[in-house]
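> take a look and give me a structure for this.
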Amino acid sequence: MQMTTRYRELIKRPEIAVMVGAYDALSAKLVERAGFDLTFVHDYGVSASLLGMPDMGLVTLTEMTNILEKVVKAVNIPVIGDGGCGFGNALNTYRTVREYESIGVAGVNLEDQVYPKRCGHLAGKQVITADEMVEKIRAAIDARHDPDFVITARVDSIAIHGLDDAIKRANRYVEAGADMIFIEAPATEADIQRIIKETKGPSWINMVEGGKTPLVPIPTLQTMGAALVDYGPLVLFAAAAGVERALQALKRDGTTANHLKELMLFTEINELNRIDDYRAMETRYTKS
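Presented below is the predicted three-dimensional model:
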């Protein structure tokens, strides 16, 4: 089954789909090994890990595509690509979808922020008109070859125009052909309930530890009727915290011997990266 079809089936089934974000091939492999069905390469994580910069529209289409291509090759689960604002206007959006689909990405989310965009949980966002976003959605639909490639319309207008406007925008985007709706940064559980109930398409709900949205448990979101819940930056946050603790232990103790239980060790990383398979290939290809 194609990854696009798997993704589409996951968001259509009665059980909520749980998607965990990744920022490189190794983090995506860990998501897959933990048993999650989907991973999401988001520009927040790529901006932080690749550039050491905040998510303020600084990542380019080329940088995102390069990371996505490596992630797609590393795992056997659908990979969703963060398309931001399509990296520009409707024509740029068209190209973004073409680029992502060509490397095996299963779907894209596109948002209605002014370009360059910023993280949806940061202050200072601006949004384009709903009419302009509809043009981008139409361009994205025209760009895809595979009809199962999932196009998600993300709405960022809550902080600017309020929840009523966000829901109105979301329904316009569904009418324009978006497959799923992602209203960013609802502030309360009641807001999440309204989004799921009052929007026409399947709902993608975003959980950001330390962000503006409360951390609603997956079973509760399931009961509400959400199609998908995304833990986008969780792996990045966990990795950064783990690295910092390890460095502090080395600085404090002058050795890592007391910190080994907190680490994935040399042999474990090798196992994750299938070293035995590569050794077998090495032997096969170097026999005299």
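> what helix or strand is Thr62 located in?
Element membership of Thr62, judged by DSSP states H and E, is helix 61-74.
> just give me how far that helix sits from the chain centre.
With C-alpha atoms, centre = their mean, to the nearest Å as the basis, helix 61-74 stands 13 Å off its chain's centre.
> tell me what it is packed against?
helix 25-33, strand 38-41, helix 43-46, strand 79-82, helix 90-102 (3 or more C-beta pairs under 8 Å, 6 or more residues apart in numbering; DSSP states H and E). Using the backbone N, CA and C atoms, a C-beta is placed for each residue, glycine as well.
> and with 10 Å instead?
If you count contacts as 3 or more C-beta pairs under 10 Å, 6 or more residues apart in numbering; DSSP states H and E, helix 61-74 packs onto strand 17-22, helix 25-33, strand 38-41, helix 43-46, strand 79-82, helix 90-102.
> ranges for the helices of the stretch 151-288 of the chain?
Ranges of helices in the stretch 151-288 of the chain, per DSSP state H, counting those that start in this stretch, are 158-161, 163-175, 189-198, 218-224, 234-253, 266-272, 275-285.
> related to what we said a few turns ago, and of the helices and strands packed on helix 61-74, who's closest to Met281?
helix 25-33 (18.2 Å; C-beta to C-beta).
> ok, residues contacting the closest one?
19-22, 36-41, 45, 49, 67-77, 79, 231, 234-236, 238-239, 264, 269, 272-274 (C-beta atoms under 10 Å, 6 or more residues apart in numbering).
> just the buried ones from those residues?
Neighbour counting with 16 or more other C-beta atoms under 10 Å marks 19-22, 36, 38-41, 45, 49, 67-69, 71-72, 74-75, 77, 79, 231, 234-236, 239 as buried within the contacts of helix 25-33.
> residue ranges with poor pLDDT in the chain?
288 (pLDDT under 70).
> residues contacting the residue at minimal distance from the centre of the chain?
With the centre of the chain defined as its mean C-alpha position, the nearest residue by C-alpha atoms, centre = their mean is Phe40, 3.0 Å away. By C-beta under 10 Å, 6+ apart, Phe40 lies in contact with 19-23, 28, 31, 71, 78-82, 107, 109, 204, 206, 228, 230-233.
> apply 6 Å and report the result again.
Contact partners of Phe40, counting by C-beta atoms under 6 Å, 6 or more residues apart in numbering, are 19, 21, 80, 230, 232.
> if I read this right, the fourth one contacts Asn206, doesn't it?
Yes. Proximity of Asp230 to Asn206 meets the contact threshold set by C-beta atoms under 6 Å, at 5.0 Å.
> who's more crowded, the two?
Per other C-beta atoms under 10 Å, whichever of Asp230 and Asn206 has more neighbours is Asn206, with 27 against 23.
> this structure - how does it break down into domains?
The chain resolves into domains spanning 3-233, 240-285 when parsed by automatic domain parsing.
> and these, which is most packed in?
Greatest average neighbour count among the domains of the chain goes to domain 3-233 (a mean of 20), per mean count of other C-beta atoms under 10 Å.
> and that domain, how far out from the chain's middle?
Worked out by C-alpha atoms, centre = their mean, domain 3-233 lies 6 Å from the chain centre.
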